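Colleague: Mind looking at a prediction? Sequence and model below.
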Amino acid sequence: MSEAVAIDVQGLSKSFDGKRVVNNLSLQVPRGEIFGFLGPNGSGKTTSIRMLCGLLIPDAGEGKCLGYDVIRETAQIKREVGYMTQRFSLYEDLSVRENMDFVARIYGVENRERVVNAAIERLGLAQRRDQLAGTLSGGWKQRLALATTTLHNPKLLLLDEPTAGVDPKARRDFWLAIHDLAAEGITVLVSTHYMDEAERCHRLAYLSYGHILAQGTPSEVVTNSGLTTWMVKGANLNQLAEDLRGLSDAAQIVPFGDALHVSGTDAERLEAALAPYLAQADLTWTRTQPGLEDVFIQLVSEAVEEKT
Amino acid sequence: MSRFSWPSFVAIVVKEFIQMRRDRLTFAMMVGIPMIQLALFGFAINSDPRHLPTAVINADQSEFSRTFLAALKNSGYFELTRVVQSEAEANRLLDEGEVQFVVTIPAQFSRDLLRGERPSLLVEADATDPSATGNAIAALNELARSALAHDLKGSAQGAAGGANAVELIIHRRYNPEGITQHNIVPGLMGVILTMTMIMMTGLAITRERERGTMEHLLAMPVNPLEVMLGKIMPYILVGYIQVILILAASTFIFNVPIQGSLLLLLLCVLLFIAANLSVGIMFSTIARNQMQAMQMTFFFFLPSMLITGFMFPFRGMPVWAQRVGEILPLTHFLRLVRGIMLKGNGALETLPHLWPMALFMLVVIALGLKRFKRTLD
């Protein structure tokens, strides 16, 4: 089993000061897969990742990461996992090369000098090898962090919001690199807020208040949501949005540029409720596939309703 | 420049107060430090120490010698703690810092006194800290004269007034010229090490946490002991560089002698540095940021300066303050470094000062490791 599955945990829970941050988390991630971890701020993504790499010991639950027990064999896990923290956590007062050298030493990387130099070349940082890491731009810092995290050839990469605050070009390059790594057989678990990034994952899980609300491939998640979405274009959309908010069957009315997305969980009732507006001549209605964002916002609002 | 805006000013004042209150440790320090300092130092510090432990060699069991000893006691400066038989034993007590004075009354004291032959009274003082013995020595002459004058009244020598009845010989041991530097400079070594070692380790670890690098460090295959020791090591070296600089200055600029073994001194320094580093690490497990680490360093540093015998004579303090002072490693280091440098103490006399430091260090490390485990989670 451990050959094919990189992460296999059941019922992981963790509380801080009596507040349950992660509740009954179960995950199975096959090797070589890019697994997206989504969820609003404070939904327990970082805590889950920390439990997977042995930084935190779960209060309850059990499981294996790379075939090692997440509670008893954290030392072995740390050796084979690369963890990239949410905040830049390399030493700002060390140079690019010194940072990589330090990490390579700790992991006991063989042929350290050669490996570090090769990584610097691959990164395109040869010119800046002696520059202090703190003086790099956000995009470069993030690339340096990824390169440093992969120095010891980890089998599993845990990336905690790696692209927060990075420009679109750098984000795209970053994701190309992630896919290259996955193609080499490395499993990647990545948390993010960006929906376009979620769609680049092989599979994903949506987390809220420590619970997994949905899990599957992006298209599975959309299909399973049971959500129907209409896109409407035309004049005076602001007024239309106001009017539609009165309809109980239209769960979400969200502006997207020059269009409005109207979504509901019951296709027939939504269509019935929208009927008067569908007929209006100055509006163009199209039935579309809901986006991941629509689905997730729906999931969160349902979860909140259940809680209250 | 824009005009002074009252609402903006008020907004900033209000914000500062809110932040001050949020930072509970800082708040506690602002209120706690003055109270503790006042209580501790207001009552503890006394630059005119009395009841100094004194050993007596009394080879002349006579009325005169008893009168003299009673007068010593009544002056309030001398506490006759030991009666010893031999010079060697008295020396040992002085070397170990057991007693501050040794008073020797010679065998023929009363006979010579009555004959008017000016017998000599020897008073040896541990003058490593001149300020601890200064007042007591100053009181001696007057004391000898007035005490014996009464007993001699009506005797053959009564007429002489007793003023020159005895020859008072005072030996200021270890620091014959009473040079303050001889006492302060070795002490400074301890003070400087306390300050820098605690602060540097305290900051080094809280800095990792503050900058977020600790998380990455702990996600890598390292264990807490490797982190701790790896962080301590460079500072031990820094500590030794400081020691060498201070010793060089003390020898070449202040001309402080090194009577004992330099090697022994350097070995003892290692324990003292380690004790202070462990305090720094313990603080860093409690402090949430570098600012708090600094505050805690000062909280520890002040009593280390004031009630360890560095600035004020240790024996001048009330017993409770001495007990508190004896917890601090600097108290023992001061005795040790002054002992080695000024008294020429060897390993045997040094031991009693080493184990309290070692004990202190073990307790502090245990506390630190306990806290460190918790902060990982």
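Modeller: Sure, I can see it.
Colleague: Could you check how far A:A182 is from chain B?
Modeller: Relative to chain B, A:A182 is positioned 21 Å away (criterion: CB to the nearest CB, to the nearest Å). No exception for glycine: its C-beta is placed from N, CA and C like everyone else's.
Colleague: show me the residues around that residue that make contact.
Modeller: Contacts for A:A182 (CB atoms under 8 Å, 6 or more residues apart in numbering or on different chains) come out as A:G32, A:E33, A:I34, A:V188, A:H202.
Colleague: tell me the pLDDT at the residue nearest to it when sequence neighbours are not counted?
Modeller: Take A:A182 and drop its neighbours on the chain: the residue closest to it by CB to CB, 6 or more residues apart in numbering or on different chains is A:I34, 5.0 Å away. A:I34 is assigned a predicted lDDT (pLDDT) of 94.
Colleague: For the contacts of A:A182, give me JSON lines that also has neighbour count.
Modeller: Below are these laid out as JSON lines (neighbours: other CB atoms under 10 Å in any protein chain shown):
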{"residue": "A:G32", "neighbour count": "17"}
{"residue": "A:E33", "neighbour count": "18"}
{"residue": "A:I34", "neighbour count": "23"}
{"residue": "A:V188", "neighbour count": "24"}
{"residue": "A:H202", "neighbour count": "16"}
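Colleague: Go through those residues and name the one nearest A:L283.
Modeller: A:H202 (38.0 Å; CB to CB).
Colleague: residue contacts, that closest one?
Modeller: Counting by CB under 8 Å, 6+ apart, A:H202 touches A:E33, A:I34, A:F35, A:A182, A:T217.
Colleague: Would you map out the domains in the chain?
Modeller: Since no chain was named, I'll use chain A. A:5-221, A:228-289 (automatic domain parsing).
Colleague: could you do chain B instead?
Modeller: Recorded structural domains for chain B (assignment: automatic domain parsing) are B:52-173, B:180-376.
Colleague: picking up where we left off before, surely the residue nearest to A:A182 and A:D180 touch.
Modeller: No - between A:I34 and A:D180 there is no contact, the gap being 11.0 Å when judged by CB atoms under 8 Å.
Colleague: Where does the prediction get shaky in chain A?
Modeller: A:1-3, A:305-308 (pLDDT under 70).
Colleague: where along the chain do the helices fall?
Modeller: Defaulting to chain A. With DSSP state H as the criterion, chain A has helices at A:45-52, A:74-80, A:96-107, A:112-123, A:138-149, A:168-183, A:195-198, A:218-225, A:237-244, A:267-278, A:292-307.
Colleague: wrong one, chain B
Modeller: Using DSSP H, helices in chain B cover B:6-22, B:24-44, B:63-74, B:87-95, B:109-115, B:130-152, B:180-211, B:213-219, B:224-252, B:262-286, B:290-306, B:319-327, B:329-338, B:347-376.
Colleague: So which of the ones you listed is nearest A:L270?
Modeller: Of all the helices of chain B, helix B:213-219 sits nearest to A:L270, with 45.6 Å by CB to CB.
Colleague: and the closest one with chain A, contact?
Modeller: Yes - residues of helix B:213-219 are located near chain A by CB under 8 Å from any CB of the partner chain, namely B:T213, B:E215, B:H216, B:L218, B:A219.
Colleague: picking up where we left off before, please produce TSV containing the domains of chain B, extended by mean neighbour count.
Modeller: Converted to TSV, the domains of chain B look like this (neighbours: other CB under 10 Å):
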stretch	mean neighbour count
domain B:52-173	18
domain B:180-376	19
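Colleague: Least confident of those domains, on average?
Modeller: Least confident of the domains of chain B, judged by mean pLDDT, is domain B:52-173 with a mean of 82.
Colleague: Now do it: distance to the chain's middle.
Modeller: In terms of CA atoms, centre = their mean, to the nearest Å, the centre of domain B:52-173 is found 27 Å from the chain centre.
Colleague: Next, work out how far apart the residue lying closest to B:A59 once chain neighbours are set aside and B:F78 are.
Modeller: Nearest residue to B:A59 in three dimensions, chain neighbours excluded: B:A107, at 4.1 Å (CB to CB, 6+ apart). According to CB to CB, to the nearest Å, B:A107 stands 22 Å off from B:F78.
Colleague: In the stretch 201-308 of chain A, what residue comes closest to chain B?
Modeller: Nearest to chain B, among the residues of the stretch 201-308 of chain A, is A:G210, at 16.9 Å (CB to the nearest CB).
Colleague: Tell me how many other residues crowd that residue.
Modeller: 23 (other CB atoms under 10 Å in any protein chain shown).
Colleague: residue contacts, it?
Modeller: Residues in contact with A:G210 (CB under 8 Å, 6+ apart) are A:S13, A:R20, A:V21, A:V22, A:N23, A:N24, A:L25, A:S43, A:G44, A:T47.
Colleague: mind redoing it with 7 Å?
Modeller: Shown in contact with A:G210 (CB atoms under 7 Å, 6 or more residues apart in numbering or on different chains): A:R20, A:V21, A:V22, A:N23, A:S43, A:G44.
Colleague: I'd like to know how far it sits from A:S13.
Modeller: 8 Å.
Colleague: Find residues that contact each of the two.
Modeller: By CB under 7 Å, 6+ apart, the residues touching both A:G210 and A:S13 are A:R20, A:V22, A:N23.
Colleague: What's the local residue count around the second one?
Modeller: What that stands for is A:V22. Close neighbours of A:V22, defined as other CB under 10 Å, add up to 28.
Colleague: Tell me how far A:T85 lies from B:W320.
Modeller: Distance from A:T85 to B:W320, counting by CB to CB: 49 Å.
Colleague: ok so, going back, drop the exposed ones from the contacts of A:G210 and show what's left.
Modeller: The neighbour count (16 or more other CB atoms under 10 Å in any protein chain shown) marks A:V21, A:V22, A:N23, A:S43, A:G44 as buried among these.
Colleague: The first one reaches A:G44, doesn't it?
Modeller: Put plainly, it is A:V21. Yes - counting by CB atoms under 7 Å, A:V21 touches A:G44, with 4.9 Å between them.
Colleague: picking up where we left off before, the residue nearest to A:A182 contacts A:L189, doesn't it?
Modeller: No - using CB under 7 Å, A:I34 is not in contact with A:L189; the gap is 8.2 Å.
Colleague: Would you agree A:I77 is in contact with A:C65?
Modeller: Yes - between A:I77 and A:C65 there is a contact at 5.2 Å, judged by CB under 7 Å.
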